[in-house]
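Peer 1: build me a structure from this.
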Amino acid sequence: MTAILDELNQEIENLALEMVMLDAEDISGLGKAVKSIESIIKLSEPLKESALTSVTEAIKRCVEEAIMGERKDLRPFERGISTLQEMVRDISNGKKFDGDINALLVNLERNPSDTPEPTGSQGPEAEVGGQGLPPISTADVPSAVGGKQEAEAGEQGYAGGDSATKMSEEDRAITSDFIIESLENLGTIEVRLIDLEQDPGDIETINAIFRPFHTVKGVSGFLNFNKINKFAHIVENLLDKARNGELQINGEIVDVILESVDLLKGMIESVRDTLDTGNPFEGNEDISMIKSKIEQLVSPGQTEKKKMLGEMLIAKGTVTDADIKAALDIQQKEPDKKIGEILVEQEKVKATAVVSTLREQKRTDSSADALQVKVDTKKLDSIVDMVGELAIAQSMLRQHEAVVNSRDRKLDQITNQLNLITAGLQNIAMSMRMVPIKNTFQKMVRLVRDLARKAGKDIQLVMSGEDTEIDRNIMEEIYEPMVHMIRNSIDHGLELPDEREAKNKSRQGTIYLKAYHRGGNIVIEIVDDGQGLNREKIMKKAISTGLIKQEDKLSDAEIDNLIFHPGFSTADKVTDISGRGVGTDVVKSKVEKLRGRVEVRSVTGKGSTFFIRLPLTLAIVDGMIIKVSNQRYIIPTLNVQESFKPRENEYFTVKGEGEMIKVRDALIPLIRLDRLFGLNGNCSSAQTRVAPWEKLVVVVENQEKRKCLLVDELIGQEEVVIKNLGGWLKDIKGIAGSVIMGDGRVGLILDVGSIFQMVSRES
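Peer 2: Numbers count the residues shown, from 1 in each chain. This is a model prediction of the structure:
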């Protein structure tokens, strides 16, 4: 039963994390949510909890309605997930859930989208000059937007034979504003494109160009000018690729965007003519050529233009330009005939020349395809694993007695060459998994912009360290936790503009997103200059929910860490951004599964900083191999500061218990690893302790704190392939993983941060 509840709780946690990113238009995400809910239903069957089943099935219906477009409001779904978590926790603790399930079920079944909506344009939400436009009334514009002629308007918006004279005065005014604002936006784009050509990597300039296109797209869709809307959307996709780092801006792309601007100007001028003359909006501009250019730029593997047979024959001097044109004229009359066949029939070229050119064309295409081959990530991971096994085998060979004692110079040369090749393969394999965190960071730009608008706040995002590299597998897992932390900063951390002004702050709040390497980890900081954590409110909430007692005395750091408890939230009301209390604990558990940690520091009135600390890679660690008793351990090299044999006068104790080593005028606590891991039985008494000056000391650092580890022997330094402990051993404190040593024995990798925590708890 416990195993079922653990698995069920994990599934609900995963669903809660998916929920953070979900909206009613994300069909793919909603479909994924349905699968997760079905897994929850299946897992809960053995429990025979009818209330749990009823809530889960109601949540499923809610999501299915959203997929069908029958529901827009997902807040009941979010509340349902929160209730599921509470119910499972109560079942685990042997309690009866005392919440109002009937009220929740009614809420889940009630659909605000049941209210009839106008049959007008369902285009994207849009804004002009920062102000939302009122909806066009279908009563005022029956022929242009509603009724039978909506289908006729189709591609052209107010086309389909309808004239601008049928618009209401209000709609004419809105359209007039759209024309003015759009032409201004397109003018801005032209200016910023010049800046972009000078600095193609400037993400702020790309964003400044992206936003006007987004506005033109949104408002044109709102007004049902669908041709403008669709074309602007195509250009927006091109810019979005550049924003996400998937496309490098160059002169060709700038030229295409400028051509697109000219084309959009022509379309918008056509809208102006429609208003002035009362004639239908034609939108006759031919977008096919430029659309094709954009698609070639956006689609990977299609940017290389395929060489045509005629071009290749002309380049060889086999035929002339006139010969090809004549052959093309014949082909128009006889479409089934190929160019090569026509040229041979006309005796312009020999058949052997056509055949050899076709073979060359095929070879060129194949080589171009080879440059664009995509490798399945599973295969990539398999390569990394196999290279790791090769490194282990090579290390075992190097330490084999026959090789160590050999005097054969040729064998030494071969062994050294094998070492170099293995090391090179290992570096290449690892670099294949390392990617800049830039792509993940850049996705946050739009997230902050959209959420700030929803919350009615003015927020800027400042990023640094985007080129910091991280294991691809870790980056995929860290995206959703980062999204949730940023949502929290926007909703809870940063104040409204008027509130900030009253506190003598700038009206615009700032979120800083930073990444850097430190101590063998990648550290991601999410900083806001908001109001900070309200510790008094956190304490009251924790006491009311039974997390702590009234008389408990907690430090600021301990109070701050209460926010990571399951279901904890100090929000006065639930918004569609955050406040449900189902995310921060999930973020923490997700990061910890990646052998990372989440920490928070907050200054009241100044803001908060969340630190996400993660290992650079999950595959290899460079470590110092040490011996303690008869066991071998690996300390990650980036945690090691120095090692030495202490003198007797450098050893001190505090009240006969706490041991310290003096390192250059600083007293650093001493940790006896044999005692910590129970390697020598009961050796805790002072009489049975070995004097530190008879052994070696390794000074290690973690989060700017230092401690000395007492070891028996330093064996050496080596890059080792991490093996997961798995099963029951995965949660052992102080141990990050295992390795197979060169002699075939197993060594354990020390988790320095976890060891520091173990010692702190003991003291």
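Peer 1: and residue 72, that one's in a strand?
Peer 2: No. Using DSSP: H, G, I helix; E, B strand; the rest coil, the assignment for residue 72 is coil, not a strand.
Peer 1: ok, it to residue 64 distance?
Peer 2: Distance, residue 72 to residue 64, by Cβ to Cβ, to the nearest Å: 14 Å. Where C-beta positions appear, they are placed from N, C-alpha and C, glycine not excepted.
Peer 1: same question for residue 731.
Peer 2: 38 Å.
Peer 1: now the longest helix along the chain: buried residues?
Peer 2: Taking DSSP state H as the criterion, the chain has its longest helix at helix 169-198. Buried residues in helix 169-198, counted by 16 or more other Cβ atoms under 10 Å: 171, 174-175, 178, 181-183, 185-186, 189, 192-193, 196-197.
Peer 1: got it, and stretch 203-219?
Peer 2: Buried residues in stretch 203-219, defined by neighbour count with 16+ other Cβ under 10 Å: 203, 205-219.
Peer 1: what sits up against that stretch?
Peer 2: Here stretch 203-219 makes contact (Cβ atoms under 8 Å, 6 or more residues apart in numbering) with 123-128, 133, 178, 181-182, 185-186, 188-189, 192-193, 195-196, 199, 228-229, 232-233, 235-236, 239-240, 242-243, 249, 257, 264, 442, 445, 463.
Peer 1: how many neighbours does the closest residue to residue 666 other than its chain neighbours have?
Peer 2: Counting by Cβ to Cβ, 6 or more residues apart in numbering, residue 706 is the residue found nearest to residue 666 once chain neighbours are left out, at 7.8 Å. Number of residues near residue 706 (other Cβ atoms under 10 Å) recorded here: 14.
Peer 1: helix, strand or coil for residue 706?
Peer 2: Secondary structure, three-state DSSP: residue 706 is strand.
Peer 1: distance check, it against residue 648.
Peer 2: For residue 706, the distance to residue 648 (Cβ to Cβ) stands at 21 Å.
Peer 1: what about stretch 629-638, average pLDDT?
Peer 2: Mean per-residue pLDDT for stretch 629-638: 88.
Peer 1: now do the buried residues in that stretch.
Peer 2: Buried positions in stretch 629-638, judged by neighbour count with 16+ other Cβ under 10 Å: 631, 632, 633, 634, 635, 636, 638.
Peer 1: distance to residue 752 for those residues - can I get that in a markdown table?
Peer 2: Output for those, formatted as a markdown table (distance: Cβ to Cβ, whole Å):
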| residue | distance to residue 752 |
| --- | --- |
| 631 | 17 |
| 632 | 16 |
| 633 | 11 |
| 634 | 11 |
| 635 | 7 |
| 636 | 7 |
| 638 | 10 |
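Peer 1: which members of those occur in strands, if any?
Peer 2: 631, 632, 633, 634, 635, 636 (DSSP state E).
Peer 1: I'd guessed the fifth one sits against residue 709; true?
Peer 2: Right, residue 635. Yes. Judged on Cβ atoms under 8 Å, residue 635 makes contact with residue 709 at a distance of 7.2 Å.
Peer 1: what about the closest residue to residue 254 other than its chain neighbours, distance to residue 742?
Peer 2: The spatial neighbour of residue 254 that comes closest, neighbours along the chain excluded (Cβ to Cβ, 6+ apart), is residue 197 at 5.0 Å. Residue 197 sits 55 Å away from residue 742, going by Cβ to Cβ.
Peer 1: which element follows the longest helix of the chain toward the C-terminus?
Peer 2: The helix or strand immediately downstream of helix 169-198 is helix 203-222, counting by DSSP states H and E.
Peer 1: and that following helix, what's its mean pLDDT?
Peer 2: On average, helix 203-222 scores 80.
Peer 1: and that helix, C-alpha only, in CSV?
Peer 2: Included here for helix 203-222 are C-alpha records, laid out as CSV according to Å, rounded to 0.1, in the frame of the first residue of the first chain:
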residue,chain,number,x,y,z
ILE,A,203,18.7,39.6,-27.9
GLU,A,204,17.2,42.9,-26.8
THR,A,205,17.1,44.3,-30.4
ILE,A,206,15.6,41.0,-31.6
ASN,A,207,12.9,41.3,-28.9
ALA,A,208,12.3,45.0,-29.9
ILE,A,209,11.7,43.8,-33.5
PHE,A,210,9.6,40.8,-32.4
ARG,A,211,7.2,42.8,-30.3
PRO,A,212,5.9,45.1,-33.1
PHE,A,213,5.3,42.0,-35.4
HIS,A,214,3.5,40.4,-32.5
THR,A,215,1.2,43.4,-32.1
VAL,A,216,0.5,43.7,-35.8
LYS,A,217,-0.3,39.9,-35.9
GLY,A,218,-2.6,40.2,-32.9
VAL,A,219,-4.6,43.2,-33.9
SER,A,220,-5.0,42.1,-37.5
GLY,A,221,-6.4,38.8,-36.2
PHE,A,222,-8.7,40.6,-33.9
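Peer 1: mind checking which of residue 731 and residue 64 has more residues around it?
Peer 2: For residue 731 versus residue 64, the count of surrounding residues by other Cβ under 10 Å is larger for residue 64: 16 against 8.
Peer 1: sec struct for that one, please.
Peer 2: For residue 64, the assignment made with three-state DSSP gives helix.
Peer 1: now it: how far from residue 735?
Peer 2: If you measure residue 64 against residue 735 using Cβ to Cβ, the figure is 45 Å.
Peer 1: three-state assignment of the spatially closest residue to residue 545 that is not a sequence neighbour?
Peer 2: Spatial nearest neighbour of residue 545, excluding adjacent residues (Cβ to Cβ, 6+ apart): residue 568 at 7.3 Å. Using three-state DSSP, the structure places residue 568 in coil.
Peer 1: so who does residue 568 touch?
Peer 2: Listed by Cβ under 8 Å, 6+ apart, the contact set of residue 568 reads 541, 542, 545, 547, 562, 581, 584, 585.
Peer 1: same thing but at 10 Å, please
Peer 2: Listed by Cβ atoms under 10 Å, 6 or more residues apart in numbering, the contact set of residue 568 reads 538, 541, 542, 545, 547, 562, 581, 582, 584, 585.
Peer 1: top of these by number of neighbours, please.
Peer 2: residue 582 (28 neighbours).
Peer 1: report the angle between the longest helix of the chain and helix 203-222.
Peer 2: Put simply, helix 169-198 runs at 160 degrees to helix 203-222, going by axes from the mean of the first three to the mean of the last three Cα atoms, to 10 degrees.
Peer 1: quick check, residue 680 in a helix?
Peer 2: No. Counting by three-state DSSP, residue 680 is not found in a helix; it is coil.
Peer 1: closest to the centroid, which residue in the protein?
Peer 2: What sits nearest the mean C-alpha location of the chain, by Cα atoms, centre = their mean, is residue 479, with 2.9 Å.
Peer 1: that residue contacts residue 439, correct?
Peer 2: Yes. Counting by Cβ atoms under 10 Å, residue 439 is a contact partner of residue 479 at 9.2 Å.
Peer 1: what score does residue 339 have for pLDDT?
Peer 2: 81.
Peer 1: residue 700 too?
Peer 2: The model reports residue 700 with a pLDDT of 93.
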